[in-house]
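Colleague: just a sequence and a predicted model for now, questions to come.
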Amino acid sequence: MDMTKPKLMLFSHVSNTKSITGAEKLLLLFCRCMASYFNCILVAPGEGRLTDQARKQGTLVIIQSFPLLYGMYTPDSRLPLNAAELRSHPDYSSVVKLIGETAPDLVLTNTIVNALPALAAKSLGIPVVWKVTEVMQENEFTTEALNIVENSCDWMIAISEASARAYRGRTSSPISLLPPSSDSERLHSFGELVRQSERNGLRLKEEHKCIGYISAFIHPEKGLREFIRMALSLCPGRPDCRFVIIGRAADHRYYDACLTDIRFSGYKSRFQFIPFVESVQSAYSAMDILVVPSMVSEGFGMTALEGMLCGKPVVAFASGGLGELMESTGNGHLTVPVGDAQGLADKVAMLLSDPVALTNIGMHNEAAARALYGIEAYQRRLDQIVSQWRECYPQWLTAGNRAPLLVEEPQVQSEPPVDKSHASRKSRRSGRRRSYYIRITRKRKLKRPAKRSRRFASGKTLRRLKNKKGKSVGRRKRAKRWNRRLKL
């Protein structure tokens, strides 16, 4: 760790083991680009793909569990009570202690539902940057969520205008826009050999047109059912269409309902389901068109951006930051209102009917996405934000501002001392330490009585011997004397 740099402590809200979400990818990129200014320390609630990749890029990782406050995304009447209960949660004191011992100069919490680290850092007087990657739902309780942000945040970073809109003019914290980027070195259009190899793995022929859908976790907000309705609308008139769906089921009832729609459609053979792919860029290379049917206002459209960087035409719903991305890259004509599955089918059919336009749009998307959202553009925007911090809060970028804090553990009230002079004899004895000795003995083997010779006993005597259990001792002695007489 470079002691000349200040410490930046970043809290991730999740750390998935089987897939990695867009928010996790953005946090990894943020850590990597901030390494030139800060010693970055990533805190995650558990081990996963996020922590594995963070260690590979040289970021220090700490594992610490903490609960999320989902009411910040969908505010309700219980939000103030739930926020107060966070301070009494067992993990709250652990997070406070961790921050106090690490003594960062700045704390960043990722996503709006990750409120506990912000509350803990502010309780120690440490400045907080809140990075918002989603669009807060507006209702009559939104003010309660804004009050928590107002009291726990010194600076906000939003990934789109859609995600920043709920806070503009309603909180005093400055808001900076930092649109996402992706790894430009890995995401690019591939040659024909790579494309053919991936298509062979999916059993796609040369004449097949592959329409793709990708989501780390599949639930109703990701619009798989709308994608399937679009696909089934295309199937009768386009026998060359094939559909690849990549993602794990988060809502199994919804996922099963989608499978049922396909099973009874008569076009089951045209669909392929893949839970997870290690190399998402290779999956893009096999596709001809990417469809992003998000049903909620997205903070941004990472899947759409990755598809564009790989040189693919993208058709999408005009929802939140996803619509902003489509407009800024010149793809506004390929968006339809949210929920319009037939509109998606019409846009895809239009692209398939003109192969030249399909190719040109893919080339345009790669160039536009790289110019507006490439890693160089991302680093420039990040440098501007750091310059604003240096101007407004120069102490944030000065190393050694904070010494480790000794956070006191909550004291448990002890019982009053007992006066031993008046204590009873029995109570004093009970307080003494006693020693116990245990003797281990071997179990003795009982000797069985030898079988008596029955050669000289009469039948009556044998019956007596057989039934001697429960007989008196005197009768057994008389039987012995009778036997001796017979032997003589």
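Modeller: Now that the structure is in, tell me what you want to look at. Numbers count the residues shown, from 1 in each chain.
Colleague: any idea how far L124 lies from Y284?
Modeller: For L124, the distance to Y284 equals 44 Å [C-beta to C-beta, to the nearest Å]. C-beta coordinates here come from the backbone N, C-alpha and C atoms, glycine included.
Colleague: when the two are compared, which one has more neighbours?
Modeller: Y284 (27 against 16; other C-beta atoms under 10 Å).
Colleague: I figured the more buried one hits L305, correct?
Modeller: No - between Y284 and L305 there is no contact under C-beta atoms under 8 Å: 11.3 Å.
Colleague: mutual contacts of those two, please.
Modeller: With contacts taken as C-beta atoms under 8 Å, 6 or more residues apart in numbering, Y284 and L305 have no neighbour in common.
Colleague: next, I246: secondary structure please.
Modeller: Following DSSP: H, G, I helix; E, B strand; the rest coil, we place I246 in the strand state.
Colleague: my error: substitute K25 in the last question.
Modeller: K25 is classified as helix under three-state DSSP.
Colleague: so how many other residues sit close to it?
Modeller: When neighbours are counted by other C-beta under 10 Å, K25 comes out with 20.
Colleague: ok, it - contacts?
Modeller: K25 neighbours (C-beta under 8 Å, 6+ apart): 182, 302.
Colleague: where's the residue nearest to V95 when sequence neighbours are not counted, which helix or strand?
Modeller: Residue nearest to V95 in three dimensions, not counting chain neighbours: A120, with 4.4 Å by C-beta to C-beta, 6 or more residues apart in numbering. According to DSSP states H and E, A120 maps onto helix 116-123.
Colleague: residues in contact with the helix or strand following that helix: which ones?
Modeller: Later in the chain than helix 116-123, the nearest helix or strand by DSSP H and E is strand 128-132. Residues from elsewhere that reach strand 128-132 (C-beta under 8 Å, 6+ apart): 27, 30, 106-112, 117-118, 121-122, 149, 152-159, 163-164, 167, 173, 178, 299.
Colleague: okay, now E47: neighbour count?
Modeller: 12.
Colleague: three-state assignment of it?
Modeller: coil.
Colleague: pretty sure it is touching V14, no?
Modeller: No - with contact defined as C-beta under 8 Å, E47 does not count as touching V14 (11.8 Å).
Colleague: gap between the two ends of stretch 102-120?
Modeller: Taking C-alpha to C-alpha, to the nearest Å as the measure, stretch 102-120 stretches 13 Å from start to finish.
Colleague: quick one, helices of the stretch 1-150 of the chain?
Modeller: 22-34, 49-56, 79-86, 90-102, 116-123, 142-152 (DSSP state H, counting those that start in this stretch).
Colleague: in the first one, what's buried?
Modeller: When burial is assessed from 16 or more other C-beta atoms under 10 Å, helix 22-34 yields the following buried residues: 22-34.
Colleague: again with the last one
Modeller: Across helix 142-152, burial judged by 16+ other C-beta under 10 Å covers 142, 144-146, 148-149, 152.
Colleague: what angle separates it from strand 128-132?
Modeller: 140 degrees (axes from the mean of the first three to the mean of the last three C-alpha atoms, to 10 degrees).
Colleague: likewise for the second one?
Modeller: Taking the same axes, to 10 degrees, helix 49-56 and strand 128-132 form an angle of 120 degrees between their directions.
Colleague: name the helices or strands packed onto helix 49-56?
Modeller: Using 3 or more C-beta pairs under 8 Å, 6 or more residues apart in numbering; DSSP states H and E, the elements in contact with helix 49-56 are helix 22-34, strand 39-44, strand 60-63.
Colleague: so which of these comes closest to V135?
Modeller: helix 22-34 (13.0 Å; C-beta to C-beta).
Colleague: how far out from the middle of the chain is that closest one?
Modeller: 15 Å (C-alpha atoms, centre = their mean, to the nearest Å).
Colleague: which helix or strand in the chain has the lowest average pLDDT?
Modeller: For the chain, counting by mean pLDDT, DSSP states H and E, helix 425-431 ranks last in confidence among helices and strands (a mean of 49).
Colleague: circling back to that earlier point, how about the helices of the stretch 1-150 of the chain, which one is nearest Q342?
Modeller: Across the helices of the stretch 1-150 of the chain (criterion: C-beta to C-beta), the nearest stretch is helix 22-34, sitting at 27.5 Å.
Colleague: low pLDDT regions in the chain?
Modeller: Across the chain, the ranges flagged by pLDDT under 70 are 183-190, 401-403, 405-476, 479, 482-488.
Colleague: stretch 40-57 spans what distance, first to last residue?
Modeller: So stretch 40-57: terminal residues 11 Å apart, C-alpha to C-alpha.
Colleague: name the residues that touch it?
Modeller: Counting by C-beta under 8 Å, 6+ apart, 7-20, 24, 27-28, 31-32, 34, 59-66, 98, 102, 104, 117 sit against stretch 40-57.
Colleague: whichever of the contacts of strand 128-132 end up buried, select them in ChimeraX.
Modeller: Buried members of those can be picked out in ChimeraX with the line below, counting by 16+ other C-beta under 10 Å:
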select :27,30,106,107,108,109,110,111,112,117,118,121,122,149,152,153,154,155,156,157,158,159,163,164,167,178,299
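Colleague: quick one: the strands in the stretch 301-450 of the chain?
Modeller: For the stretch 301-450 of the chain, applying DSSP state E, counting those that start in this stretch gives strands covering 314-317, 335-336.
Colleague: list the helices and strands the first one packs on?
Modeller: I take that to be strand 314-317. Under the contact definition 3+ C-beta pairs under 8 Å, 6+ apart, strand 314-317 sits against strand 289-292, helix 302-309, helix 320-328, strand 335-336, helix 341-352.
Colleague: distance from the first one to the middle of the chain?
Modeller: Counting by C-alpha atoms, centre = their mean, strand 289-292 is centred 25 Å from the centre of its parent chain.
Colleague: please apply the same query to the fourth one.
Modeller: Between the centre of strand 335-336 and the centre of its chain there are 30 Å (C-alpha atoms, centre = their mean).
Colleague: parallel or antiparallel, list what pairs with that strand.
Modeller: strand 314-317 (parallel) (DSSP bridges).
Colleague: show residues contacting the strand it pairs with.
Modeller: Contacts for strand 314-317 (C-beta under 8 Å, 6+ apart): 223, 226, 289-295, 301, 304, 307-308, 322-323, 326, 331, 334-340, 344, 347-348, 351, 365.
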